[in-house]
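Visitor: make a model of this:
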Amino acid sequence: MISNLLNSLELSQQWNKTLTFSSRQMNWNGVLVEQCQSPASAFELELPALSDHWLYLHTGGPAPLIQKRDDCLHESILHKGDSFLVPAGQPSYWCQAPDMRDVICAPLHICLKPELIQQVAEASDIDSKRFDLVHGFGQQDLQLHQIAMLMFAELQSGGMMGKLYAESLTQVLVIHLLRHYSTVTQTITSQNRSLTRTQLQQAIDYIQTHLNRDLSLAELASVISISPTYFASLFKQAMGISPHQYVIQQRVEQAKLMLSKTDLAIADIAIQVGFSSQSHLTQQFKRVTGLTPKQVRPSP
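Guide: Modelled structure (predicted):
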């Protein structure tokens, strides 16, 4: 059955647009973010059921669109910021009117693996077999739009903030979908669990030892043998900040030490402590300390 479902790569091919940005080479766990662009034109597209959950965000001007759900056609006008969700395993039909000759469409597509949704649900003590994501059609959802735009900004930067940041945003997105686009009826809250002192210290030690790496939630969680979703929530519960924020803080602290104790170039320090570039170091350094690396480095 699963082999007959359309995957995210085939979806892009079916959509038949010019791909401008894609996270395919960034290996973000469980999520694919892409933007495609083309002059708008009339089209009719009937997609078979997808193997991934598909979130579409409209970023252009008003666009008339006809969609089919429950064997009924629904006409609407998409506006900038509108989104719709097509759950995995459900076919969809789209028809765009021909009166959009001078409009450029550049929608954002986010494909989420069902396994990721299940993982986040189970970390919230929700039985993944007893709920479904549901269609969302042309909705204005400010919070969802903000999360998606943060993911898009990270995509445009070439993954400057790293896997840990992208995967943290993905976790936030999934929890939002579970709360607002699913048949889940129970409240999704943080669980009454906590990391042991040993587990927390193991995670902190691992981060300190591997600051120069592009760390991921899955990698950090594997150190103490729990799921990435559990790790993200329990680490924040224990430390008061997310794993990504903690890693940034530690990289800045290490950079500050190296600036004062070594003569290494700032660009070299940036790479050694795990930032993608000198500008990335400078941006985060100033955000955390209020100063630039040059201001911190002692005068010769």
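Visitor: from memory Y206 sits against V223, does it?
Guide: Yes - with contact defined as CB atoms under 8 Å, Y206 and V223 form a contacting pair (4.7 Å). C-beta here means a position set from N, CA and C on the backbone, and glycine is covered the same way.
Visitor: low-confidence bits of the stretch 1-150 of the chain, can you list those?
Guide: Within the stretch 1-150 of the chain, the segments meeting pLDDT under 70 span 1-17, 38-44, 69-70, 96-105, 128, 138.
Visitor: for it, which segments count as strands?
Guide: Counting by DSSP state E, counting those that start in this stretch, one finds strands in the stretch 1-150 of the chain at the ranges 18-22, 31-39, 43-47, 53-57, 63-69, 72-78, 82-86, 92-96, 104-105, 108-112, 136-140.
Visitor: now those strands in CSV, with mean neighbour count?
Guide: Listed next are those as CSV, based on neighbours: other CB atoms under 10 Å:
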stretch, mean neighbour count
strand 18-22, 14
strand 31-39, 19
strand 43-47, 13
strand 53-57, 22
strand 63-69, 16
strand 72-78, 13
strand 82-86, 23
strand 92-96, 17
strand 104-105, 16
strand 108-112, 23
strand 136-140, 15
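Visitor: so which of the ones you listed gets nearest D127?
Guide: strand 53-57 (18.0 Å; CB to CB).
Visitor: what helices or strands is the closest one leaning on?
Guide: strand 82-86, strand 108-112, helix 142-156 (3 or more CB pairs under 8 Å, 6 or more residues apart in numbering; DSSP states H and E).
Visitor: to L32, which of those lies closest?
Guide: The nearest among those, by CB to CB, is strand 108-112 at 4.3 Å.
Visitor: packing partners of that closest one?
Guide: helix 8-15, strand 31-39, strand 53-57, helix 142-156, helix 163-180.
Visitor: again, 7 Å this time
Guide: strand 31-39, strand 53-57, helix 142-156 (3 or more CB pairs under 7 Å, 6 or more residues apart in numbering; DSSP states H and E).
Visitor: residues in contact with the strand or helix carrying K236?
Guide: Using DSSP states H and E, the element containing K236 is helix 228-239. The contact list for helix 228-239 (CB atoms under 7 Å, 6 or more residues apart in numbering) reads 119-120, 123, 168, 171, 190, 193-195, 200, 203, 217-218, 220-221, 242-243, 246.
Visitor: tabulate the helices and strands packed on strand 108-112 (CSV), appending distance to G274.
Guide: Shown next, in CSV, are the helices and strands packed on strand 108-112 (distance: least, CB to CB, whole Å):
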stretch, distance to G274
strand 31-39, 22
strand 53-57, 30
helix 142-156, 16
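Visitor: fine by me, we can end here.
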